[in-house]
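Enquirer: Sharing a sequence plus its predicted fold:
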Amino acid sequence: MMRRDLELDGTRIYTEENFHQEIALLFALPKTYPHDISSLEEFMHTYVDPNFTLNWTNHHFSKKQLGHNFDRIVSTFDDFHSAHSAFEFYLN
């Protein structure tokens, strides 16, 4: 499968729910995705081909809006990268 480059625009993230809506669209997660951080990694492992790069642009805006949940999300992406080295994740 061809490598994909995806962009998550932090200026569109106002709440945790906004984040999950955006990520569900980017990753083409099924409608059963419960839109919570604890389910994110499980759904990524199950439904996402790790052969992609995720660039979280304007991440400082998201960090301000999400507070401690931002760190939880980044940790989830780091864990996914540890399990799937093809996945690349950048905060821009």
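Expert: Perfect, thanks for sending it.
Enquirer: Point out where this structure drops to low pLDDT.
Expert: Along the chain, segments meeting pLDDT under 70 span 1.
Enquirer: Point to the residue nearest the middle of it.
Expert: Taking Cα atoms, centre = their mean as the criterion, residue 23 is the residue nearest the geometric centre of the chain, at 5.4 Å.
Enquirer: which is the next helix or strand following the helix or strand encompassing that one?
Expert: Assigned by DSSP states H and E, residue 23 belongs to helix 16-27. Toward the C-terminus, helix 16-27 is succeeded by helix 37-47 as the next helix or strand (DSSP H and E).
Enquirer: Any idea how many residues pack against residue 78?
Expert: For residue 78, the neighbour count with other Cβ atoms under 10 Å is 11. Bear in mind the C-beta positions are built from the backbone N, C-alpha and C, glycine included.
Enquirer: Report the contact partners of it.
Expert: Contact analysis of residue 78 by Cβ atoms under 8 Å, 6 or more residues apart in numbering lists residue 89.
Enquirer: Over to the one 3 residues further on?
Expert: Residue 81 sits next to 87-89 when contact means Cβ under 8 Å, 6+ apart.
Enquirer: Let's see which of these end up in strands.
Expert: 88-89 (DSSP state E).
Enquirer: so which strand or helix has the residue nearest to residue 90 when sequence neighbours are not counted?
Expert: Once flanking residues are discounted, residue 90 sits nearest to residue 55: 5.1 Å by Cβ to Cβ, 6 or more residues apart in numbering. Taking DSSP H and E as the definition, residue 55 sits inside strand 52-57.
Enquirer: so what strands line up beside that strand?
Expert: Partners of strand 52-57 in the sheet, by DSSP bridges, are strand 4-9 (parallel), strand 88-91 (parallel).
Enquirer: Give me the residues contacting it.
Expert: Contacts of strand 52-57 (Cβ under 8 Å, 6+ apart): 3-10, 26, 62, 77, 86-92.
Enquirer: Could you pull out the buried residues of the helix or strand that that strand is followed by?
Expert: Counting by DSSP H and E, the next helix or strand C-terminal to strand 52-57 is helix 59-66. Neighbour-count burial for helix 59-66 flags 59, 62-63, 65-66 (criterion: 16 or more other Cβ atoms under 10 Å).
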